[in-house]
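sharing a model that was predicted from the sequence below.
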Amino acid sequence: MQSASDQWFDEAYYQRFYFDKKTSVVDPEHIERLGTFVCSYLKYLRVPVARVLDVGCGIGLWQHVVQQQFPGCSYHGVEFSEYLCGRFGWERGSVVDYQASEPFDLVICQGVLPYLSPADLKQALKNLGQLSRGALYLEAVAREDYERDIIDEDLTDPRLFRHRAALYRQGLSASFSELGGGLWLSRKSQVPVFELECAGGGH
């Protein structure tokens, strides 16, 4: 099967999943809490954050929270949807092959990877390792989430791939240590972390 087509992410898609209150999967208050948690933990670890990449940034809900938590940081939104790039001015690109002149201190990738085929997912996970020199926040529903019946399938796009969680972890382990809570610390980072702060093993 192929990854999601760029034709999927048109105005109708965002009307359903973002702008219509009855069917929206977006909760700005949730992003505020989540972003505050992510940024607070990075501050606790003393991960310096000056450059932020939000790949698959959607309508840019993370922009306010990261700039509030890290005053003066630059926020760069990259989006696959031509419609959103035209509406919000994001740079058009894909997590599979997006490249930057230098890596970022924090990379955010929320709700993007389940749209990718296994081959594209493998490439995207490798690419995330190249894009981050500090931390990664990753959110992706896995097959286990469906099996445990914690997904609201009325609100979830039925076209998502149901990749196993192990596939994500295997693809990220070469470049990152898992901190928990969706946070991953780049192996390029010089920030020391204790053994028990890493899920399943040291940095």
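Great, that's in hand.

low pLDDT regions in this structure?
1, 5-8, 17, 19-26, 200-203 (pLDDT under 70).

what segments of it are strands?
Along the chain, the segments classed as strands by DSSP state E run 51-55, 74-79, 91-92, 104-110, 132-139, 176-180, 183-186.

for the fifth one, which positions count as buried?
Okay, so that is strand 132-139. The neighbour-count check on strand 132-139 (16 or more other Cβ atoms under 10 Å) flags 132, 133, 134, 135, 136, 137, 138 as buried. The way it works is simple: take the backbone N, C-alpha and C, and place the C-beta from them, glycine included.

how about the residues you listed in CSV, adding distance to residue 155?
CSV is the format used below for the buried residues of strand 132-139 (distance: Cβ to Cβ, whole Å):
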residue, distance to residue 155
132, 29
133, 35
134, 32
135, 28
136, 25
137, 21
138, 20
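
now, which of the residues you listed sits nearest residue 104?
Closest approach between the buried residues of strand 132-139 and residue 104, by Cβ to Cβ: residue 132, at 5.9 Å.

I figured the closest one hits residue 172, correct?
No - in terms of Cβ atoms under 8 Å, residue 132 does not count as a neighbour of residue 172; the distance is 10.1 Å.

off-centre distance for the biggest helix by length in the chain?
Ranked by residue count under DSSP state H, the longest helix found in the chain is helix 28-45. On the basis of Cα atoms, centre = their mean, to the nearest Å, helix 28-45 sits 13 Å off its chain's mean C-alpha point.

and stretch 169-181, how far apart are its ends?
With Cα to Cα, to the nearest Å as the measure, stretch 169-181 spans 13 Å from end to end.

make that stretch 101-114, sorry
27 Å.

please begin residue numbering at 29 from this point
Sure, I'll start numbering at 29, so the last one becomes stretch 129-142.

give the buried residues for that stretch.
With burial defined by 16+ other Cβ under 10 Å, the residues of stretch 129-142 counted as buried are 131, 132, 133, 134, 135, 136, 137, 138, 139, 140, 141, 142.

try stretch 70-85
In stretch 70-85, residues buried by neighbour count (16+ other Cβ under 10 Å) are 70, 73, 75, 76, 77, 79, 80, 81, 82, 83, 84, 85.

what does stretch 210-218 give?
In stretch 210-218, counting by 16+ other Cβ under 10 Å, buried: 210, 211, 212, 213, 214, 217.

and the first one, what does it touch?
Applying Cβ atoms under 8 Å, 6 or more residues apart in numbering, one finds that residue 210 lies in contact with 66, 165, 166, 167.
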